[in-house]
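> sequence plus the predicted model coming up.
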Amino acid sequence: MSPVTLLPFIVLIGAMFLMTRSAKKKQQQAASMRNDMQPGSGVRTIGGMYATVKEVNEDTVLLDAGPGVDLLFAKNSIGAVLTDDEYNRIVHGIEHDLKSDSDVVPDDASSLTGSAETDDSVDEAAAASDDKAVDLGKKDATDEVQEKAADAEQAEAAEEPKKTTDGDSDAKK
């Protein structure tokens with residue numbers, strides 16, 4: 001046999017070796033993750049249930065799925081061990097954002113008013129921001145006058161008879 005005919009078989013065997021090697025690596029990572037489970041950590045089962053580990057045995061895990069609900073699962077049925085922040089975000093809806101910890105809103109607004117800032121600095125800050133001005137529904141007297149004039153022009157345009165051009169006719173001849 002020539003080496004050219006053996007080449008496809010060699011490539012196929014090499015590809016199978018690489019695929020099984022990556023699958024074994026994933027299985028080893030999953031097994032180490034399951035063995036590292038500690039009571040109190042949040043987990044997601046392969047069925048999609050979120051619970052807290054209550055007790056870890058050799059082949060089984062006792063999960064606390066809610067008040068008074070303890071479930072016994074096989075260790076292999078644990079899909080992921082979650083971090084505390086991720087578990088709280090998913091199950092309890094608690095967002096832990098480090099950025100929000102630094103920007104705390106005061107309990108009263110007294111610290112926000114009467115500061116050393118003048119109206120000019122507030123106007124400069126508003127001009128410097130890229131945000132569009134928010135319409136709070138307040139209208140100036142000039143805006144009302146302009147709206148009335150625009151409404152009057154529309155009413156006059158609607159009352160005028162339509163002018164026809166050559167070739168446009170409403171009635172058939």
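The structure has been received and is ready for your questions. Numbering: from 1, shown residues only.

> and the top helix by length along the chain, what's buried?
The single longest helix within the chain, with elements called by DSSP state H, is helix 3-35. Within helix 3-35, the residues that count as buried by 16 or more other C-beta atoms under 10 Å are Arg34. Every residue, glycine included, has its C-beta placed from N, CA and C.

> which secondary structure elements does the next helix or strand along the chain from it contact?
Next along the chain after helix 3-35, taking DSSP states H and E as the criterion, comes strand 42-45. Applying 3 or more C-beta pairs under 8 Å, 6 or more residues apart in numbering; DSSP states H and E, we find strand 42-45 packed against strand 50-56, strand 60-66, strand 78-82, helix 84-87.

> export strand 42-45 as CSV, just CAs?
Presented in CSV, the C-alpha positions along strand 42-45 are these (Å, rounded to 0.1, in the frame of the first residue of the first chain):
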residue,chain,number,x,y,z
GLY,A,42,-25.1,27.1,45.3
VAL,A,43,-25.5,24.5,42.5
ARG,A,44,-27.5,24.0,39.3
THR,A,45,-28.6,20.5,38.4
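
> circling back to that earlier point, angle of the longest helix of the chain against strand 60-66?
60 degrees (axes from the mean of the first three to the mean of the last three C-alpha atoms, to 10 degrees).

> same for helix 3-35, what does it pack against?
Contacts defined by 3+ C-beta pairs under 8 Å, 6+ apart place helix 3-35 against strand 78-82.

> what lines up beside the strand it packs on in the sheet?
strand 42-45 (antiparallel) (DSSP bridges).

> what about Leu63, neighbour count?
22 (other C-beta atoms under 10 Å).

> just the one 5 residues further on next, same as before
Gly68 has 6 neighbours, counted by other C-beta under 10 Å.

> any idea how far it lies from Ala74?
22 Å (C-beta to C-beta, to the nearest Å).
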